[in-house]
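Enquirer: model the following, please.
(chains A, B, C and D)
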Number of protein chains: 2
Amino acid sequence: MILSSNADTRALVAKLDRVLALADEERSALAHLPLQIVALRADQDIVREGDMPSRTCILVEGHACTYSTTGGGRRQIMAFHIPGDMPCLQSLHLRRMDSCVGTLTPCRVAFVQHDALRELGHRHPRIAQALSREMLVGAAIFRRWIMRLGRSNARTRMAHLFCEMVVRMRAAGLTLDRTCPLPITQSELADALGLSGVHVNRTLQELRAARLIVLDDGVLDVRDWEGLSEAGDFDVGYLHLVRPEAA
Amino acid sequence: MILSSNADTRALVAKLDRVLALADEERSALAHLPLQIVALRADQDIVREGDMPSRTCILVEGHACTYSTTGGGRRQIMAFHIPGDMPCLQSLHLRRMDSCVGTLTPCRVAFVQHDALRELGHRHPRIAQALSREMLVGAAIFRRWIMRLGRSNARTRMAHLFCEMVVRMRAAGLTLDRTCPLPITQSELADALGLSGVHVNRTLQELRAARLIVLDDGVLDVRDWEGLSEAGDFDVGYLHLVRPEAA
DNA sequence: CGCCTATTTGATCTGATTCAAACAATGTGG
DNA sequence: CCACATTGTTTGAATCAGATCAAATAGGCG
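Expert: As a prediction, the model looks like this:
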């Protein structure tokens, strides 16, 4: 465990700010949240299915995912998380975790006690509102994830996921030119897309052959955004990146 | 449009009550919400993707679903809604609808202005809390929907969906013995399960041959709950039916 | 080097799709 | 009351996208 610093909430503050244009005092209240910072290695669980956490977490650094395992031992990843995300915000209202959240890479995670967060919400209703929004955007992403799995083939699924990750990473200010970090293995990709590892490999080659993307060494390089978003039947609306007041 | 009566919020009140044990005054505040009641025929949209509603809706009577359509015109159903559900509660925090909500059968729907609902939430924080919970349970159901689509075959998917619907209907007091209304066509089932209509038909026959269920004339008859929940790899936890205070 | 994990390739198999047509139930207008 | 359109279900046959199995290759790293 490490002491917390302002830097730990920066990604979260930036995200909430993007959504709601925080006032200085709101920003400062967030920065003064009592946090417990933990460094985790790759492939560790942050919370497990069945847990009843008394705190929630903010992903400060690294990539994580929400997943669950079938009776037959097959894993399905239901969400990817990037810095600034609060992957188990739900635990604030639902006592028992119905899925696991685990790291994909080494991560820094900030834990906040539920009480402290509720307190903050009471004092700053707009922050509470921004957090609600955050949860609902998460749900919107789930809905798209369902569409991807239910009604499209491997190529479209994969292209769509890449589009989503690029847009989210860009919104978080974590892209560099056409590239963004996407440090996941092919078998993790398979678990997210509901495909076999072998088929993921082939689809990846297909997308590369079509000069749409290159995914190498944990970095996604989008060579042709137009082509990729078309291949993925991607429409950015569901990510709700615009502020509610705006169009 | 029809005038509202107490009966219209009964299903909703019962549900929130189940979750949070409402006080009399909370119950009465809910019953006095200004509602606009609308009767709809089957296969009509309640809200459409792209809409920016200023009100949210409570399903009073009938079955509805959340769905969206791919660029290629294929439909994916992402959620089924039963009386007492608030299928577009999200619009309270997200301005633009990212999917459609449509009726499956003739429905009675109660509309509430966002302002009125926010006002109610301010006056009765526990109601606000119950509504947040409602949204998050919705998200938990999405997560399971993803698992179903990503990591199981037609038989398991279908069995799981039936388990889910039966449990939700029972919790809403809408089952009768082993049976519950499930007034959907096979092609709607296909759109929900990410399968073709033909294969849904065959899988349905398979489940019937295994003496697990009979689905006929809009009524689902569960002949063997044990067998069905095993076939569906069903674990009820994600529906979060227990109250947060309880175990 | 040898170990481990991730990626790649080939061959085969299968669950599910697609296409096409028959069948049943229900409603509609003449 | 019948002809006929309509919508939903059922069946059969052909095809295909993706899974599975098995093995080779490649890249870190102690």
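Enquirer: so, low pLDDT: which residues of chain A?
Expert: Low-confidence regions of chain A, defined by pLDDT under 70, span residues A:1-5, A:243-247.
Enquirer: can you tell me which residues contact the residue nearest in space to the middle of it?
Expert: Note on chain A: the residue nearest the mean C-alpha position is residue A:81, at 2.3 Å, using Cα atoms, centre = their mean. With contacts taken as Cβ atoms under 8 Å, 6 or more residues apart in numbering or on different chains, residue A:81 has the following neighbours: A:59, A:63, A:64, A:65, A:66, A:87, A:101. Every residue, glycine included, has its C-beta placed from N, CA and C.
Enquirer: any idea which helix or strand carries the first one?
Expert: It refers to residue A:59. Secondary structure assigned from DSSP states H and E places residue A:59 in strand A:55-61.
Enquirer: so what's the gap between that strand and the chain middle?
Expert: The chain centroid and the centroid of strand A:55-61 are separated by 11 Å under Cα atoms, centre = their mean, to the nearest Å.
Enquirer: centre of the chain versus the longest helix belonging to chain A, how much separation?
Expert: Among the elements of chain A assigned as helix by DSSP state H, the one spanning the most residues is helix A:125-151. Distance of helix A:125-151 from its chain centroid, counting by Cα atoms, centre = their mean, is 10 Å.
Enquirer: got the angle between it and strand A:55-61?
Expert: With axes from the mean of the first three to the mean of the last three Cα atoms, to 10 degrees as the basis, helix A:125-151 and strand A:55-61 are set at 70 degrees to each other.
Enquirer: all helices for chain A, in order.
Expert: Read by DSSP H, chain A holds these helices, from start to end of the chain: A:7-20, A:24-31, A:114-123, A:125-151, A:154-171, A:186-193, A:197-209, A:225-231.
Enquirer: which one of those lies nearest to DNA strand C?
Expert: Taking Cβ to the nearest atom of the strand as the criterion, helix A:186-193 is the member of the helices of chain A that comes nearest to DNA strand C, at 3.3 Å.
Enquirer: mind listing what residue A:118 touches?
Expert: By Cβ under 8 Å, 6+ apart, residue A:118 lies in contact with residue A:92.
Enquirer: coming back round to it: who does the strand holding residue A:59 touch, helix- and strand-wise?
Expert: Contacting strand A:55-61 under the criterion 3 or more Cβ pairs under 8 Å, 6 or more residues apart in numbering or on different chains; DSSP states H and E are the following elements: helix A:7-20, strand A:107-113, helix A:114-123.
Enquirer: can you say which of those is packed in most?
Expert: Sort the helices and strands packed on strand A:55-61 by mean neighbour count, taking mean count of other Cβ atoms under 10 Å in any protein chain shown, and strand A:107-113 sits at the top with a mean of 21.
Enquirer: what's the angle between that strand and helix A:114-123?
Expert: With the same axes, to 10 degrees as the basis, strand A:107-113 and helix A:114-123 are set at 70 degrees to each other.
Enquirer: who's in contact with strand A:107-113?
Expert: Defining contact as Cβ under 8 Å, 6+ apart, one finds that strand A:107-113 is touched by A:4, A:8-9, A:33-40, A:42, A:46, A:54-64, A:103.
Enquirer: check stretch A:126-137 too.
Expert: Taking contacts as Cβ under 8 Å, 6+ apart, the residues outside stretch A:126-137 that touch it are A:15-16, A:19-20, A:22-23, A:26, A:29-30, A:86, A:89-90, A:92, A:117, A:120-122, A:239-240, A:244, B:90, B:93-94, B:132, B:135-136, B:139.
Enquirer: try stretch A:23-33
Expert: For stretch A:23-33, with Cβ under 8 Å, 6+ apart as the criterion, the contacting residues are A:6, A:9, A:12-13, A:16-17, A:22, A:112, A:116-117, A:120, A:123-124, A:126-127.
Enquirer: cool, stretch A:36-56 as well?
Expert: Contact partners of stretch A:36-56, identified using Cβ under 8 Å, 6+ apart, comprise A:1-4, A:8, A:57, A:60, A:62, A:64, A:68, A:86-89, A:91-92, A:95-114, A:117, B:237.
Enquirer: ok, 7 Å please
Expert: If you take Cβ atoms under 7 Å, 6 or more residues apart in numbering or on different chains as the criterion, stretch A:36-56 is touched by A:1-4, A:8, A:57, A:64, A:68, A:86, A:88-89, A:91-92, A:95-114, A:117.
Enquirer: same question for stretch A:190-207.
Expert: Residues from elsewhere that reach stretch A:190-207, judged by Cβ under 7 Å, 6+ apart: A:67, A:75-77, A:149, A:154-155, A:157-159, A:161, A:186-187, A:189, A:213, A:215, B:149-151.
Enquirer: and the residues you listed, which of them are buried?
Expert: Buried residues within the contacts of stretch A:190-207, defined by neighbour count using 16 or more other Cβ atoms under 10 Å in any protein chain shown: A:67, A:75-77, A:149, A:154-155, A:157-159, A:161, A:186, A:189, A:213, A:215, B:149-151.
Enquirer: now which of the contacts of stretch A:126-137 would you call buried?
Expert: Those of these that meet the buried threshold are A:15-16, A:19-20, A:22, A:26, A:29-30, A:86, A:89-90, A:92, A:117, A:120-121, A:239-240, B:90, B:93-94, B:132, B:135-136, B:139, by 16+ other Cβ under 10 Å.
Enquirer: number of residues surrounding residue A:126?
Expert: For residue A:126, the tally of surrounding residues (other Cβ atoms under 10 Å in any protein chain shown) stands at 15.
Enquirer: could you check how far it is from residue B:54?
Expert: Taking Cβ to Cβ, to the nearest Å as the criterion, residue A:126 is separated from residue B:54 by 20 Å.
Enquirer: likewise residue A:23?
Expert: Counting by Cβ to Cβ, the gap from residue A:23 to residue B:54 is 26 Å.
Enquirer: can you list the domains in chain A?
Expert: Residue ranges for each domain of chain A read A:7-142, A:153-239, as given by automatic domain parsing.
Enquirer: the first one close to DNA strand D?
Expert: Which is domain A:7-142. No. For domain A:7-142, no contact with DNA strand D is found by Cβ under 7 Å from any atom of the strand; the gap never falls below 8.0 Å.
Enquirer: quick check: end-to-end length of that domain?
Expert: With Cα to Cα, to the nearest Å as the measure, the first residue of domain A:7-142 is 29 Å from its last.
Enquirer: and DNA strand C, is that domain touching that?
Expert: No. Contact check for domain A:7-142 against DNA strand C, using Cβ under 7 Å from any atom of the strand: none in range, with a minimum separation of 8.1 Å.
Enquirer: same check, this time on the last one
Expert: Yes. Among the residues of domain A:153-239, A:185, A:186, A:187, A:197, A:198, A:201, A:202, A:204, A:205 lie within reach of DNA strand C under Cβ under 7 Å from any atom of the strand.
Enquirer: OK, contacts around the second one?
Expert: Read that as residue A:186. Counting by Cβ under 7 Å, 6+ apart, residue A:186 touches A:197, A:200, A:201, A:204.
Enquirer: with that, I have no additional questions.
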